[in-house]
Every structure is written in structure tokens, then in C-alpha cells.
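# here is a sequence with its predicted model. Questions after.
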Amino acid sequence: MPVGKITCFIPYPEVGTIIEELVRELDGEHWELEIIQANYASQIAAWRNVDTDVIISRGITAIAARQRYPDIPVVDIQVTGYDLMRALRQSQQRFPDKRMAIVGSAAMIYGARAIEEL
């Protein structure tokens, strides 16, 4: 019987798979897990029927969750170099002749200069 509910806002399905495995390994029978694929703060604002004990999210989505639901604890997943590289690679494939920029909060883009020349 679950003792609490965890809601995860994830940017892409692979993150959900990892979170499901972690919760199952750590204490899956005690937590109900809700996974919502959301990349934008506006998707957090549109989330209704808030019934959770903790939110796990990242970047601007975590910031939006903290602002929108101040009484619910928010665990922030760090944006990694892999995430940045993945986004840049997808952009290169979709828009090969365009210049790119990384825009985000200071915490999100920390270290972005290291990949500038890649």
C-alpha cells in the first residue's frame, strides 16, 4: 500500500524509464509514481488536480513548479552536459544551416562554454 505519491515532470521518455527503475529499486511498493512528460513551464501551469506529496523536475520546469505549488516540495534534477549535447545535436539535424545558442537559468547553463566549440 503506497504511503505517498511522487510526481515527475520529465523532458523525454528515457528519463521516465530511469526514474521508474530507481523508485522500484529503492522503495517502489511504498510510493505511487506519476510521470508526466513536460518540457515547458506553461505545462506545469496547466497541470490540474494536484494531488502529490513531492514533485521531481528540472530546470525552468522545476522553478515553475516551486512557484505554482509552494506547499509541495520540489526536487530539482540537474541539467547535464548530456542533455545540452542531445539538444544541440537535435537542433543541428533539424536546422543544419542555422546558428545555435544556449539560453537558460544560470544553474542550467553552467559549464555551457566548455561545449561552445563542439
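Sure thing, it's come through. Numbers count the residues shown, from 1 in each chain.
# next one: the nearest residue to I10 once chain neighbours are set aside, what pLDDT does it get?
Taking C-beta to C-beta, 6 or more residues apart in numbering as the measure, I10 lies nearest to G16, with 4.9 Å between them; neighbours along the chain are not counted. For glycine as for every other residue, the C-beta is placed from the backbone atoms N, C-alpha and C. Taken from the predicted model, the pLDDT recorded for G16 is 84.
# and what of M85?
pLDDT recorded at M85 is 80.
# what's the burial count for it?
12 (other C-beta atoms under 10 Å).
# tell me how far it lies from R94.
Summarising the geometry, the distance separating M85 from R94, computed by C-beta to C-beta, to the nearest Å, is 15 Å.
# got it, and L33?
32 Å.
# compare these two (neighbour count), which wins?
It is L33, of L33 and R94, that has more neighbours when counted by other C-beta under 10 Å, with 17 against 8.
# distance of Q90 relative to A64?
Q90 sits 23 Å away from A64, taking C-beta to C-beta as the criterion.
# so which of these two has more stuff around it?
More neighbours surround A64 than the other of Q90 and A64, with 21 against 10 (other C-beta under 10 Å).
# nearest residue to G4 other than its sequence neighbours?
Of all residues not flanking G4 in the chain, D53 sits nearest, at 4.0 Å (C-beta to C-beta, 6+ apart).
# state the phi and psi torsions of that neighbour.
The phi/psi pair for D53 (degrees, to the nearest 10) reads phi -100, psi -30.
# tell me the confidence at it?
Value listed for D53 in the pLDDT field: 93.
# can you map out the strands along the protein?
If DSSP state E is used as the criterion, the strands of the chain fall at 4-10, 31-37, 54-58, 74-77.
# now the angle between strand 4-10 and the second one, please.
Read it as strand 31-37. Strand 31-37 and strand 4-10 are oriented at 20 degrees to each other (axes from the mean of the first three to the mean of the last three C-alpha atoms, to 10 degrees).
# report the outermost residue of the protein with respect to its centre.
Relative to the mean C-alpha coordinate of the chain, counting by C-alpha atoms, centre = their mean, the farthest residue is D97 (28.6 Å).
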